[in-house]
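Visitor: fold the stuff below for me.
(4 chains)
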There are 2 protein chains.
Amino acid sequence: MRTSELAAQAAVNPQTLRYYERRGLLSEPVRSPGGFRVYPDAAVQRVRFIKRAQELGFTLAEVDVLLDLAEGGPDSCEKAQALATEKIIDLRRRIADLEVLQSGLTRLVATCELPQAQRECPILHELDQGSAKTGEMQGERR
Amino acid sequence: MRTSELAAQAAVNPQTLRYYERRGLLSEPVRSPGGFRVYPDAAVQRVRFIKRAQELGFTLAEVDVLLDLAEGGPDSCEKAQALATEKIIDLRRRIADLEVLQSGLTRLVATCELPQAQRECPILHELDQGSAKTGEMQGERR
DNA sequence: CTTGACTTTGTACTTGGGTACACGGTTCAT
DNA sequence: ATGAACCGTGTACCCAAGTACAAAGTCAAG
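Guide: Predicted coordinates:
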C-alpha cells in the first residue's frame, strides 16, 4: 500500500509517516519503480501502535524502545530484560498515580450535591501526598 | 515567599512560574513595595499539583480545568460533575491500556531465554486490538 | 553607599511532535 | 497523450511547554 492509504488506515497525516521514517520509527519501505513508497500491510499495526503508545504518555523516543522490545529486543537478552523491567516499573507507578487521581475525582463527584462551601476537593491534597517521594526520579520529561 | 523560593520548593524553574502566571494557572501574586512577587505558602501546593498532573499526562489546559474542579468547581455543579466524569472515563481507559502493556512486557520478560526468533512479543498485537474503538475520541492532543 | 545576589520585564531560543507549502515527478483512466 | 489525483523532496512553519538572556531595578550586609 502507498503512503496515503497507510495514513488513512492508521488515522495519521501522510506527512507524519515521513516524519516517523526520519525518526527511525518506521523503516524505509521499498519503492515502486517511480519512487513511491510501498508499505507492507503490517505497517498499519506498527503506526497504530505508535499512536496508541503516545496516547498513553510515551514519547517517541520511548516508543522506539518499546518497538524494539516488541520485536524481540536486542541480541543481548539481558539488555532487553532490563529495559522491559524498567518499563514495567514505570508503568506500575503511572497506573498507581492515575488510580489515585481517579479515586479523587470519583469522590469529588460523589460529594457533588453538597453546597459549594463544603465541596472542598480531596484531589489537591492526595496528589500532593503522592508527590512526596517524587523528587527521586530525576530523569523525567513528560 | 519570593519567586526563587517557591521555585525551589516546588522544584521548577523560576521562569516557569512566570510562564504559569501568564497562562493563568497561577494568579498574580501580591507585590512587595519594590515590585517583587510575594507568594502565599499555599502556592507551593498548587505548583506541585500542576507538575504532578502533568506527569500523569494532562496538558496545562487540562490542568487548568482540574484546578477549577479542585477548588469547588464552577457555580454550576452539574458542569463540574460532567468534567470530572469525563476525566474519570479517560483515566479508566488509560489505566486499562497501561495494564495491557504491562502484562505484555511481563510476558516478554518471562519468555526471555528463548532465542530471539521465538521471542516474538504479544504487545503489538494486544495494543492494536485495544485500539479498535480509539477513533472516536478525536479531540486529543498529547 | 557600594557590591553582589536577587528580581523585574521583554524578547528570543529550544525541543518534541508534527503540518503546510512549493515545485516537480508519477499514474492511470479516458 | 493528457489532466486529475497522487507522491516525492526540501524547507518553512506551528503549537506546547518551557528556558535563556539582556538590561535595568531592588535590597541587605558590610
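Visitor: next, A:Cys35: secondary structure please.
Guide: In this structure residue A:35 is Gly, not Cys. Classification of A:Gly35 using DSSP: H, G, I helix; E, B strand; the rest coil returns coil.
Visitor: tell me the contacts of it?
Guide: For A:Gly35, no contacting residues are found, by Cβ atoms under 8 Å, 6 or more residues apart in numbering or on different chains. For the C-beta atoms, the positions are set from N, CA and C on the backbone; glycine is no exception.
Visitor: and it, how far is that from A:Gly24?
Guide: In this view, A:Gly35 and A:Gly24 are 21 Å apart by Cβ to Cβ, to the nearest Å.
Visitor: do the same with A:Asp41
Guide: Applying Cβ to Cβ, the value for A:Asp41 to A:Gly24 is 21 Å.
Visitor: excluding its backbone neighbours, what's nearest A:Gly24?
Guide: Of all residues not flanking A:Gly24 in the chain, A:Asp64 sits nearest, at 6.8 Å (Cβ to Cβ, 6 or more residues apart in numbering or on different chains).
Visitor: doesn't A:Pro29 make contact with A:Ala43?
Guide: Yes. Using Cβ atoms under 8 Å, A:Ala43 is in contact with A:Pro29, at 7.2 Å.
Visitor: starting at the chain centroid, how far to stretch A:49-68?
Guide: Counting by Cα atoms, centre = their mean, to the nearest Å, stretch A:49-68 is centred 4 Å from the centre of its parent chain.
Visitor: would you mind listing the buried residues in it?
Guide: Buried residues in stretch A:49-68, counted by 16 or more other Cβ atoms under 10 Å in any protein chain shown: A:49-53, A:55-58, A:62-67.
Visitor: how about that stretch, does it get close to DNA strand C?
Guide: Yes. Contact between stretch A:49-68 and DNA strand C, assessed by Cβ under 7 Å from any atom of the strand, occurs at A:Gln54, A:Thr59, A:Leu60, A:Ala61.
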